[in-house]
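Student: generate a structure from the sequence data that follows.
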Amino acid sequence: MSGDLSRQRAKALNQARALARSGLHANHQSVVDALRGSDVLKDARRWFEDARFKTQLNQLCVHARKMQELRAQPTRSRGQGRVPSADASPPARHSEVMA
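Tutor: Now for the predicted structure:
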């Protein structure tokens with residue numbers, strides 16, 4: 001592969017990976033659709049047909065969407081949501097602390 005073609009391939013595949021990592025795409029087909037009409041897809045269509053690359057894009061899409069869901073969940077305060085163990089004593093009341 002010539003140097004120019006190699007750089008062009010790398011640019012196209014990296015652009016596709018960036019779209020997959022964005023969290024905006026559900027799978028490789030959505031990424032390819034987003035690239036449709038761009039110079040990248042015209043020159044790189046055969047590279048996007050590789051089954052291993054499709055799998056990689058699908059995995060990146062799934063991971064990015066999971067991360068988006070996690071970021072969208074409200075964060076818990078320290079200690080919130082913890083279940084006290086059976087042998088833990090109840091928290092002290094204000095009057096007990098002041099004594």
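Student: is Ala26 in a helix, a strand, or coil?
Tutor: The three-state assignment at Ala26 reads coil, by DSSP: H, G, I helix; E, B strand; the rest coil.
Student: residues contacting it?
Tutor: In this structure, Ala26 makes contact with Cys61, Arg65, judged by CB atoms under 8 Å, 6 or more residues apart in numbering. Where C-beta positions appear, they are placed from N, C-alpha and C, glycine not excepted.
Student: and it, backbone torsions?
Tutor: phi -80, psi -30 (degrees, to the nearest 10).
Student: roughly how far apart are it and Arg46?
Tutor: In this view, Ala26 and Arg46 are 23 Å apart by CB to CB, to the nearest Å.
Student: how about Thr55?
Tutor: Relative to Arg46, Thr55 is positioned 16 Å away (criterion: CB to CB).
Student: Gln59 now?
Tutor: For Gln59, the distance to Arg46 equals 21 Å [CB to CB].
Student: skipping adjacent residues, who's closest to the residue nearest the centre of the chain in space?
Tutor: Centroid check for the chain by CA atoms, centre = their mean gives Ala64 as the closest residue, at 1.3 Å. Nearest non-adjacent residue to Ala64, counting by CB to CB, 6 or more residues apart in numbering: Gly23, 4.0 Å away.
Student: tell me the mean pLDDT over the longest helix along the chain?
Tutor: Determined from DSSP state H, the single longest helix within the chain is helix 51-72. Looking at helix 51-72 alone, the average pLDDT works out to 95.
Student: mind listing what Val31 touches?
Tutor: Applying CB under 8 Å, 6+ apart, one finds that Val31 lies in contact with Ala16, Leu19, Ala20, His25, Leu57, Cys61.
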